[in-house]
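Novice: Okay, structure incoming, though there's no sequence with it:
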């Protein structure tokens with residue numbers, strides 16, 4: 001069943017049904033399944049365990065979402081700040097934006113003119129627009 005499912009995903013994503021594509025898809029499915037079984041032995045035994053794991057992951061996602069409800073109901077301040085990204089490579093920019101997004105109560109919105117725009121939530125209004133206190137020593 002796993003082989004058929006992965007081949008279906010391959011067919012939908014590639015959207016090419018030539019002989020070469022089908023042979024390549026079948027070989028990639030076999031390689032993927034064998035490598036998965038090699039590295040993740042006995043992790044998932046069947047469809048029921050996969051379903052339970054999926055439901056658990058979805059419930060964990062909702063639990064993490066509901067942790068931010070106090071930010072809506074209690075007095076919090078939010079604001080926009082920026083980080084100067086001049087002279088950084090694309091990889092460094094991506095790493096910095098991911099680090100900022102993983103920081104609690106922050107979200108990297110976009111990059112514009114070598115500047116990363118960040119949304120922050122804080123308990124006091126002075127801390128929102130400060131950049132030095134939060135990331136200066138950690139990231140740079």
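Specialist: The structure has been received and is ready for your questions. As the structure is a computational prediction, the values presented were derived from the model and not from experiment. Numbering: from 1, shown residues only.

Novice: tell me which element residue 31 falls in.
Specialist: helix 19-39 (DSSP states H and E).

Novice: Tell me which other helices or strands that helix touches.
Specialist: helix 2-14 (3 or more Cβ pairs under 8 Å, 6 or more residues apart in numbering; DSSP states H and E). Placement of C-beta: from N, CA and C, glycine included.

Novice: Excluding its own residues, what touches the helix it packs on? List them.
Specialist: With contact meaning Cβ atoms under 8 Å, 6 or more residues apart in numbering, helix 2-14 is reached by 17, 21, 25, 26, 28, 29, 30, 32, 33.

Novice: try 7 Å
Specialist: 21, 25, 26, 28, 29, 32, 33 (Cβ atoms under 7 Å, 6 or more residues apart in numbering).

Novice: for stretch 98-111, what is the average pLDDT?
Specialist: Averaging pLDDT along stretch 98-111 gives 82.
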